[in-house]
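In: Fold the following, please.
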Amino acid sequence: MKVAIVGASGAVGQELLRILAQRNFPVDELVLFGSSRSAGTQYEFKGKKYTVKELVHGDAFKDIDIVFTSAGAGTSKEFAEDITKYGAVMIDNSSAFRMDDDVPLVVPECNAEDALNRPRGIIANPNCTTIMMVVVLQPIEKLSHIKKIHISSYQSASGAGAAAMAELEQQYKEMLTDGEVKTIEKFPHQLAYNVIPQIDKMTETDYTKEEMKMYNETRKIMHSDVRTSATCVRVSSLRSHSESVWFETEKPLSVEEIRKALEAAPGVTLKDDPQNYVYPMPLESAGQDDVYVGRVRKDLADDNSNTLWLTGDQIRKGAALNAIQIAEYLIKVGNVK
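Out: This next block holds a predicted model:
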């Protein structure tokens with residue numbers, strides 16, 4: 001299998017390299033692409049060094065089978081035709097194509113088969129917070145249709161990229177050495193010792209683009225009429241997102257039914273013994289493949305509703321791992337050129 005990564009120098013690109021090696025993905029040839037700034041940088045993969053090539057228009061993808069793109073929506077839109085015109089499958093980590101009718105939006109635990117219908121040769125990777133939530137809610141949906149979701153997310157600095165993680169660390173250093181933060185570039189406000197109740201740009205409804213992604217993407221992935229109301233918050237941890245999720249089902253579900261379904265669900269680890277201080281935390285989900293879930297409980301205000309808490313590594317399952325799992329599924333069913 002000949003594989004390419006576009007955006008190899010970024011946080012997701014680097015995680016793609018790590019996971020491809022960890023999962024022993026069948027890579028016969030590997031090509032790395034990046035911006036003019038990244039071109040010439042070398043990265044090691046399975047003991048061999050690879051040099052990043054500058055991404056330019058042309059026939060560079062002619063013999064590639066699978067291309068993982070993680071260089072932003074603008075780059076994905078600009079180079080999509082170059083990438084797909086010779087038959088390569090483009091698995092895109094950006095927001096560029098997620099809501100296009102002719103591009104499948106895929107989380108393998110939920111709707112892997114959607115990846116087989118890709119008239120443009122493109123498969124979209126959903127937003128990180130959406131991925132983690134639907135992995136947990138899909139097994140519950142099989143018990144009873146989910147009608148409404150209220151979700152508050154607690155999203156770490158890494159969701160904004162490697163430079164944002166570095167900025168948070170720099171802010172903590174400045175607070176300790178100077179008593180004040182001077183570096184504020186990647187976030188609208190100081191993040192160190194703070195939380196910011198805005199992720200992405202604000203829409204005219206006063207919901208952010210991130211919050212609207214959760215509404216629209218959840219419906220597309222789950223093939224559902226579910227309505228999702230989200231509040232997405234940036235918190236001052238480095239890695240792994242967490243979510244507090246309330247959901248209403250058509251019929252009442254017991255906590256025991258939900259726990260049983262989650263225990264059997266792919267991609268989910270149940271950590272739910274709150275009386276003994278056992279529940280998911282971002283410190284332990286960082287670097288892990290599964291979404292951790294706990295604090296499952298009956299809602300006190302609605303007999304048909306329950307609440308839960310989840311956390312997961314948004315660079316892995318929320319981005320790179322999900323993309324690789326899509327590719328693994330295509331290989332398994334023989335759906336790659």
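In: And for residue 269, the neighbour number?
Out: As a burial measure, residue 269 scores 20 neighbours (other C-beta atoms under 10 Å). From N, CA and C alone the C-beta is placed, and that goes for glycine too.
In: same thing with residue 261?
Out: Residues near residue 261, counting by other C-beta under 10 Å, number 19.
In: from memory it sits against residue 140, does it?
Out: Yes. At 6.0 Å, residue 261 and residue 140 qualify as touching, with contact defined as C-beta atoms under 8 Å.
In: Can you list the residue ranges for strands in the stretch 51-200 of the chain?
Out: Ranges of strands in the stretch 51-200 of the chain, per DSSP state E, counting those that start in this stretch, are 53-54, 66-69, 89-92, 122-124, 146-155.
In: between those strands, which gets nearest to residue 296?
Out: strand 146-155 (14.4 Å; C-beta to C-beta).
In: Show the average pLDDT along that closest one.
Out: Averaging pLDDT along strand 146-155 gives 98.
In: What residues of the helix of greatest length in the chain count as buried?
Out: Identified as the longest helix of the chain according to DSSP state H is helix 162-178. For helix 162-178, the neighbour count (16 or more other C-beta atoms under 10 Å) marks 162, 164, 165, 167, 168, 170, 171, 172, 174 as buried.
In: cool, stretch 258-274 as well?
Out: 258, 259, 261, 262, 265, 267, 268, 269, 270, 271, 272.
In: what about residue 185, how many neighbours?
Out: Count around residue 185 with other C-beta under 10 Å applied: 8.
In: Check the gap between the closest residue to it other than its chain neighbours and residue 98 for me.
Out: Excluding the flanking residues, the one nearest residue 185 by C-beta to C-beta, 6 or more residues apart in numbering is residue 167, at 6.2 Å. Residue 167 is 26 Å from residue 98, where distance means C-beta to C-beta, to the nearest Å.
In: Give me the buried positions along stretch 87-105.
Out: By neighbour count on 16+ other C-beta under 10 Å, the buried set for stretch 87-105 is 88-98, 103-105.
In: The buried residues of stretch 258-274 in helices, which ones?
Out: If you go by DSSP H, the buried residues of stretch 258-274 have 258, 259, 261, 262 in helices.
In: Give me the neighbour count for the residue lying closest to the second one once chain neighbours are set aside.
Out: Of all residues not flanking residue 259 in the chain, residue 296 sits nearest, at 5.7 Å (C-beta to C-beta, 6+ apart). Applying the criterion other C-beta under 10 Å, we find 21 residues in the vicinity of residue 296.
In: mind listing what residue 296 touches?
Out: Neighbouring residues of residue 296 by C-beta atoms under 8 Å, 6 or more residues apart in numbering: 255, 258, 259, 262, 272, 306, 307, 308.
In: strands paired with the host helix or strand of it, and their directions?
Out: Using DSSP states H and E, residue 296 maps to strand 291-298. Partners of strand 291-298 in the sheet, by DSSP bridges, are strand 268-270 (parallel), strand 305-312 (antiparallel).
In: List the buried residues in that strand.
Out: Across strand 291-298, burial judged by 16+ other C-beta under 10 Å covers 291, 292, 293, 294, 295, 296.
In: Now do the same for the third one: its pLDDT.
Out: The model reports residue 293 with a pLDDT of 98.
In: Once you drop chain neighbours, what's closest to it?
Out: The spatial neighbour of residue 293 that comes closest, neighbours along the chain excluded (C-beta to C-beta, 6+ apart), is residue 310 at 4.5 Å.
In: cool, the fifth one as well?
Out: The shortest distance from residue 295 to any residue other than its chain neighbours is 3.9 Å, reached at residue 309 (C-beta to C-beta, 6+ apart).
In: got the contact list for the nearest residue to residue 290 once chain neighbours are set aside?
Out: Closest residue in space to residue 290, ignoring its immediate chain neighbours: residue 269 at 4.2 Å, by C-beta to C-beta, 6+ apart. Residues near residue 269 by C-beta under 8 Å, 6+ apart: 280, 288, 290, 291, 292, 293.
In: And the third one, how close does it get to residue 5?
Out: This means residue 290. 24 Å.
In: chain center to stretch 52-63: distance?
Out: Chain-centre distance of stretch 52-63: 26 Å, with C-alpha atoms, centre = their mean, to the nearest Å.
In: Over to stretch 213-232?
Out: 15 Å.
In: Pull out the buried residues from that stretch.
Out: Of the residues in stretch 213-232, 213-222, 224, 226, 228, 230-232 count as buried by neighbour count, 16+ other C-beta under 10 Å.
In: ok, so of those, who is nearest residue 35?
Out: Nearest to residue 35 among these is residue 213, at 25.0 Å by C-beta to C-beta.
In: the more surrounded of residue 290 and residue 5?
Out: Shown here are residue 290 and residue 5; by other C-beta under 10 Å, residue 5 has more neighbours (30 against 21).
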